[in-house]
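> Okay, here's the prediction I keep looking at, along with the sequence it came from:
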Amino acid sequence: MRLKFYGTRGSIPICDASFQQFGGNTTCMQITFTDANRIAIIDAGTGLRNLGRDLHAIGHKQEEIRIGFTHFHWDHIQGFPFFVPAYDPSQKITLLTPGRDQTVTNLRQIFEVQMQKEYFPVQLDQMGATFEFVQTAKASEHFSINNVETLVSTQRHNHPGGAYSFRIERRGKVLVVCTDVEHGEQIDTRLVELARGADLLVHDAQYTAEELQKRRGWGHSSFDQAMQVAEMAGVKRLALTHHDPEHDDEFLQRIEKLCQERFPNAELAREGVEISL
């Protein structure tokens with residue numbers, strides 16, 4: 001597997017010059033199954049626009065593109081109306097929300113509403129692609145990709161409105177994505193188990209410990225908490241993401257150095273960077 005960050009910013013996109021090293025687009029990740037030349041996507045923040053453009057530029061084609069969602073706050077769906085493959089009549093796109101105890105009752109409606117004429121000039125049913133909206137209560141599901149079994153497991157975690165973490169296992173490699181999570185007074189041990197032994201853990205780290213004290217209930221983690229999860233779970237590599245829109249490049253560079261003093265295999269997610277597992 002190979003993970004590429006197309007959006008690493010939290011809450012709102014930002015384009016100021018001093019925010020470009022780590023990226024200004026909101027959450028979007030591409031997973032490439034390199035042996036099969038197939039991709040999957042997690043979240044459709046504003047980074048999805050560049051992802052779609054890249055697919056078009058290289059002429060990548062696959063019958064179905066799956067987009068799995070951690071949740072549906074604006075910064076995780078705003079890129080969808082600008083996703084080039086969604087305007088291709090020959091393309092099938094599956095929008096998927098997995099996991100138990102879902103609060104979403106009509107997945108299609110979420111995307112229809114954000115694209116209704118009062119908000120956007122093109123409506124969902126005018127885009128062109130064939131869309132399938134899938135909600136499943138399964139905590140884990142097996143897929144066969146290029147005749148290789150791939151296991152996707154999910155865990156609901158604390159975030160306003162609810163959100164889910166993902167664990168993807170394939171060919172002995174493990175990728176875990178855990179963003180938009182607020183642990184509370186204690187680290188969520190269910191997420192530690194989900195991340196157990198992962199080759200790469202991508203974890204929410206929007207705040208410093210001091211900022212977190214002032215933002216209880218906002219649904220996010222601190223850098224310290226992300227490292228604590230990585231330590232408790234025994235992960236090999238940690239990528240911290242969902243950068244606060246107030247944290248510029250200089251600030252994040254300082255934070256990265258401090259994190260690496262505690263967890264040497266930690267890095268802050270940068271837009272455009274790829275990590276191979």
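Great, that's in hand. Numbering: from 1, shown residues only.
> what's around the closest residue to residue 115 other than its chain neighbours, how many residues?
Distances taken as CB to CB, 6 or more residues apart in numbering place residue 124 nearest to residue 115, at 4.9 Å, with adjacent residues excluded. C-betas here are computed from N, CA, C, even on glycine. Look at residue 124: counted by other CB atoms under 10 Å, it has 20 neighbours.
> again, but for residue 113
Counted by other CB under 10 Å, the residues lying close to residue 113 total 12.
> Same question for residue 273.
16.
> Correct me if wrong: it contacts residue 4.
Yes. Using CB atoms under 8 Å, residue 273 is in contact with residue 4, at 7.2 Å.
> For the residue nearest to residue 115, give me its contacts.
108, 111, 112, 115, 131 (CB atoms under 8 Å, 6 or more residues apart in numbering).
> redo that, cut-off 6 Å
Listed by CB atoms under 6 Å, 6 or more residues apart in numbering, the contact partners of residue 124 are 111, 112, 115.
> Got phi/psi on it?
Dihedral angles of residue 124 (phi, psi; degrees, to the nearest 10) stand at phi -50, psi -50.
> hey, where'd the helices end up in the stretch 151-277 of the chain?
In the stretch 151-277 of the chain, the helices defined using DSSP state H, counting those that start in this stretch lie at 189-194, 209-214, 223-233, 249-262.
> ranges for the helices of the stretch 1-150 of the chain?
Under DSSP H, counting those that start in this stretch, the stretch 1-150 of the chain gives helices at 48-58, 107-114.
> Out of those helices, which is closest to residue 84?
Nearest to residue 84, of all these, is helix 48-58, at 3.8 Å by CB to CB.
> Pull the distance from that closest one to the chain's centre.
Distance of helix 48-58 from the chain centroid (CA atoms, centre = their mean, to the nearest Å) equals 17 Å.
> Can you list the helices and strands that it packs against?
Helix 48-58 sits against no helix or strand, with contacts defined as 3 or more CB pairs under 6 Å, 6 or more residues apart in numbering; DSSP states H and E.
> sorry, back to before: can you tell me which of the contacts of residue 124 has the most neighbours?
residue 111 (21 neighbours).
> residues in contact with that one?
residue 124.
> Okay, now the unreliable bits of the stretch 101-250 of the chain?
The stretch 101-250 of the chain contains no residues with pLDDT under 70.
> Can you give me the neighbour number for residue 224?
The tally of other residues near residue 224 (other CB under 10 Å) stands at 16.
> got the contact list for it?
residue 209.
> who's in contact with residue 42?
So residue 42 contacts 29, 68, 177 (CB under 6 Å, 6+ apart).
> Relative to residue 83, how far out is the closest residue to it other than its chain neighbours?
On the basis of CB to CB, 6+ apart, the spatially nearest residue to residue 42 that is not a chain neighbour turns out to be residue 29, at 4.5 Å. Note on residue 29: its distance to residue 83, by CB to CB, to the nearest Å, is 14 Å.
> Which of the two has more residues huddled nearby?
Using other CB under 10 Å as the criterion, residue 29 and residue 83 rank with residue 29 on top: 28 against 24.
> Let me know the pLDDT of that one.
We have a pLDDT of 98 for residue 29.
> Identify the bridge partners of it.
residue 5, residue 42 (DSSP bridges).
> Over to the one 4 residues further on?
Residue 33 has these beta-bridge partners by DSSP bridges: residue 38.
> elements contacting the longest strand seen in the chain?
Of all the segments of type strand in the chain, defined by DSSP state E, the longest one is strand 148-157. Strand 148-157 is packed against strand 140-145, strand 163-170, helix 189-194, with contacts defined by 3+ CB pairs under 6 Å, 6+ apart.
> among these, which is nearest residue 64?
strand 140-145 (11.2 Å).
> Give me the sheet partners of the closest one and which way each runs.
Applying DSSP bridges, strand 140-145 is found paired with strand 148-157 (antiparallel).
> what's next to the strand it pairs with, contact-wise?
With CB under 6 Å, 6+ apart as the test, strand 148-157 has contacts from 98-99, 101, 139-143, 163-170, 181, 188, 190-191, 194.
> buried set for it?
150, 152, 153, 154, 155, 156, 157 (16 or more other CB atoms under 10 Å).
> Could you export the residues you listed as TSV, including distance to residue 79?
Shown next, in TSV, are the buried residues of strand 148-157 (distance: CB to CB, whole Å):
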residue	distance to residue 79
150	25
152	22
153	25
154	22
155	25
156	24
157	23
